[in-house]
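[1] Just a sequence and a predicted model for now, questions to come.
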Amino acid sequence: MRRSRTIACFVVLLVGLSAAARAAEEIGEVARVQNEAYALAEGGERRLAAGDAIHDGERVVTGPDARIEVIFVDGTSLTLGSNAVMRMDELVFDGTGGSMALDMLSGAFAFTTGLIGQNDHESVRVTTPVA
């Protein structure tokens, strides 16, 4: 009885650690930033600079007169204009393919697919407030 409780606690701990590791997984990197841009997550916000990592679960937000370019792990390039908000809903990449879903909540953007979209364009989904 005691042993099964110990095993159950261990499994719960592993599941929790696994979820935390996924939430912190690096999915891209800031290539360029002009003026103020931030990454927002449950833990708060952080100002972004070139070379900073973008993690799974973060929103990328730009301020007035700002721009940011993010290169994702598959080589996808995303540039956000001023007052933009982007949320990555899904990014799965195994080195050759996968799937990507991002939600442009506001603002202008330019998007060039990397390996995921080049291998299977139906594996990439971009949603916007009007489309």
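    Cool, the structure landed.
[2] Next SSE downstream of the least confident helix or strand in the chain by mean pLDDT?
    Ranking every helix and strand in the chain by mean pLDDT, DSSP states H and E puts helix 2-23 at the bottom, with a mean of 45. Using DSSP states H and E, the next helix or strand after helix 2-23 towards the C-terminus is strand 26-34.
[3] what does that next one contact?
    Applying Cβ atoms under 8 Å, 6 or more residues apart in numbering, the contact partners of strand 26-34 are 37, 48-56, 65-73, 76-78, 88, 91. The way it works is simple: take the backbone N, C-alpha and C, and place the C-beta from them, glycine included.
[4] Mind checking which of those residues land in strands?
    Among the contacts of strand 26-34, the residues falling in strands (DSSP state E) are 37, 53-55, 67-72, 77-78, 88, 91.
[5] Run through the bridge partners of residue 33.
    Going by DSSP bridges, residue 33 is paired in beta bridges with residue 68.
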